[in-house]
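Engineer: Build the 3D model from these lines:
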Amino acid sequence: MKLAILLTTVSGCLAIYDPSSYTDRPCGNDITNLWLDVVAVIDNSFGMGSAGVLSVASNLDTIFSQGMSIGIDSNNPKTTRLGLVTYNQEAKINADLNAFHSTDDLDTGIFNDLGNLSSSRDSYLIYGLQTAGDLLRNQSFGTSRDHYRKVVIVYTSMFKGSGQWDPIPTAQSLKDDGIFIITVAIVQDDDDSQFMKDLALIASPGFNFSNVANGGDVTCMVLGALMQANCYCPNDYEQYRELFEDKSSAPYGSCLHPINVSTSWKASQLNCRNRKAYLATEFTQNKHDFIVESVSSTTGFHPPLSYHIGLNQVLGKWVWDQPQGLPQIPLQSYSDWNPMFPIQSSSMNGVENFQNGQMTGWQNIDQLKVSTNYICESYACDTDNYCDANGNI
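Structural biologist: Residues are numbered from 1 along each chain as shown. Below you'll find the predicted structure:
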């Protein structure tokens, strides 16, 4: 038997994005600015053991004591609330979403609330999930924090329940409501493969972890999942992700908005800036292909496809548009010029994507004379950018 204690380090979790790296922006990862409503659902049945419950308390305390603002602050919308639910043969709300108002409250509360191990050997996850869902529906949905992303973190030592006690339909209902579910398996046996497969049916895609994975350090993985849950795009924007066809694939911290209004390149740039955005970049083939698929499924874009992107020529050098106030990024390794382009011309300093047969590639145009649709890009709502209920950064 083995029971790895959840480690409490966070070194190596975070990195700072630099646009000059010529990579697409990842989701913001400033954990001190996390803004979520989270309910931790903890199995405290006898099978967890005192060491298991203590390790969960330590892990939660580490995650939510990284300088983030706990509770509600009228002067700072970037706050996170944490509720605690324990379950065994039944579920109990140990702390609702309004119980903790500071890191000090949380430090004390977590260990007090999780200090008692149940004598029950039953562990019905369905009750923990139902109680967490009720808590979020009563204290988050339909409130001033309705637009805050909602997360349930499950810590469990076993997967029990079938028929009316099957937790999978309840988990799916929560996910259908837009709630992210993170699962952490507290492994009690050498063979955890089936346990992990079962929990994967509960978790949101990619959010199923184990206390023995990577030496037992799940702190960074849970932090990463929280920051990913806190990374989304306003209405009308498509979040750039690894695979267009798979909405659960790894997201980036950038949002794309195909606009089916025909304007010049220069007018398109100004219109994007009025939206606190910029004309889209295509640093990689993957980004180019994603945009092609996005516009192909957008009303008002018809073959042959044609739309402005952010590439433009300044002082003889091709550069990518960036948010207003930031320097434009020089064109580097990847390029996708249509045959015979770019044309050398002092007036053809803008770039559009133009479909030529089955291929869609770049061709330079006059910034003031050629009108077509365009693609705006903006940073996602995340730990770097708070968005209000209307999606405005």
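Engineer: What ranges in this protein fall below the confidence cut-off?
Structural biologist: Along the chain, the model assigns pLDDT under 70 to residues 1-15, 188-192, 213-216.
Engineer: centroid residue for it?
Structural biologist: Gln228 (2.5 Å; CA atoms, centre = their mean).
Engineer: I figured that residue hits Cys27, correct?
Structural biologist: Yes. With contact defined as CB atoms under 8 Å, Gln228 reaches Cys27; the gap is 5.7 Å. For every residue, glycine as well, the C-beta is placed using N, CA and C.
Engineer: who touches both of those two?
Structural biologist: With CB atoms under 8 Å, 6 or more residues apart in numbering applied, the overlap between the contact sets of Gln228 and Cys27 consists of Pro251.
Engineer: picking up where we left off before, just confirm the residue nearest to the centre of the chain is within a helix.
Structural biologist: Yes. According to DSSP: H, G, I helix; E, B strand; the rest coil, Gln228 belongs to a helix.
Engineer: Domain ranges for this structure, per the record?
Structural biologist: 19-23+30-229, 238-379 (automatic domain parsing).
Engineer: Out of the ones you listed, which is the most enclosed?
Structural biologist: Among these, domain 19-23+30-229 has the highest mean neighbour count (mean count of other CB atoms under 10 Å), at a mean of 19.
Engineer: start to end distance for it?
Structural biologist: 22 Å (CA to CA, to the nearest Å).
Engineer: contacting residues for the spatially closest residue to Ala40 that is not a sequence neighbour?
Structural biologist: Spatially, and ignoring its direct neighbours in sequence, Ala40 is nearest to Ile153 (4.7 Å; CB to CB, 6 or more residues apart in numbering). Going by CB under 8 Å, 6+ apart, Ile153 touches Val38, Val39, Ala40, Val41, Leu60, Ile181, Ile182, Thr183, Val184, Val222.
Engineer: Just want to check the distance between Pro72 and Trp35.
Structural biologist: Residue 72: Ile, not Pro. Separation of Ile72 from Trp35 (CB to CB, to the nearest Å): 11 Å.
Engineer: Likewise for Ser248?
Structural biologist: Counting by CB to CB, the gap from Ser248 to Trp35 is 22 Å.
Engineer: again with Val53
Structural biologist: For Val53, the distance to Trp35 - CB to CB - is 28 Å.
Engineer: what do you get for Trp337?
Structural biologist: 42 Å.
Engineer: same check, this time on Leu135
Structural biologist: Taken as CB to CB, the span from Leu135 to Trp35 is 18 Å.
Engineer: With Asp382 instead?
Structural biologist: 9 Å.
Engineer: same check, this time on Leu125
Structural biologist: Leu125 is 27 Å from Trp35, by CB to CB.
Engineer: what's the answer for Gly357, then?
Structural biologist: Here Gly357 is placed at a distance of 47 Å from Trp35 (CB to CB).
Engineer: Likewise for Asp198?
Structural biologist: Taken as CB to CB, the span from Asp198 to Trp35 is 32 Å.
Engineer: ditto for Ile182
Structural biologist: 17 Å.
Engineer: Also Asn274?
Structural biologist: 26 Å.
Engineer: quick one: contacts for the residue nearest to the centre of the chain?
Structural biologist: Contacts of Gln228 (CB under 8 Å, 6+ apart): Cys27, Pro251.
Engineer: next one: the one 4 residues further on
Structural biologist: When contacts are counted by CB under 8 Å, 6+ apart, Tyr232 touches Arg149, Gln239, Ala380, Cys381, Asp382.
Engineer: Look up which helix or strand the residue nearest to Ala40 falls in, please.
Structural biologist: strand 149-156 (DSSP states H and E).
Engineer: could I have that strand exported to PDB, CA atoms only?
Structural biologist: Extracted in PDB, the C-alpha atoms of strand 149-156 (Å, rounded to 0.1, in the frame of the first residue of the first chain):
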ATOM      1  CA  ARG A 149     -16.100  30.900 -13.600                       C
ATOM      2  CA  LYS A 150     -17.100  28.100 -11.200                       C
ATOM      3  CA  VAL A 151     -14.900  25.200 -10.200                       C
ATOM      4  CA  VAL A 152     -15.400  22.000  -8.100                       C
ATOM      5  CA  ILE A 153     -12.200  20.300  -6.900                       C
ATOM      6  CA  VAL A 154     -12.800  16.700  -5.900                       C
ATOM      7  CA  TYR A 155     -10.300  14.900  -3.600                       C
ATOM      8  CA  THR A 156     -11.300  11.200  -3.200                       C
END
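Engineer: Show residues contacting the next helix or strand after it.
Structural biologist: Next helix or strand after strand 149-156 toward the C-terminus (DSSP H and E): helix 168-176. For helix 168-176, contacts defined as CB under 8 Å, 6+ apart pick out Ile126, Leu129, Gln130, Ala132, Gly133, Val152, Ile181, Leu201, Ile202, Ala203, Ser204.
Engineer: First-to-last residue distance for stretch 62-72?
Structural biologist: Stretch 62-72 end-to-end distance (CA to CA) = 20 Å.
Engineer: Ok, stretch 22-31 next?
Structural biologist: 24 Å.
Engineer: residues in contact with that stretch?
Structural biologist: In contact with stretch 22-31 (CB under 8 Å, 6+ apart) are residues 10, 13-15, 17, 19, 66-68, 223-224, 226-228, 230-231, 240, 251-254, 281, 283-284, 287, 329, 332-333, 379-380, 382-385.
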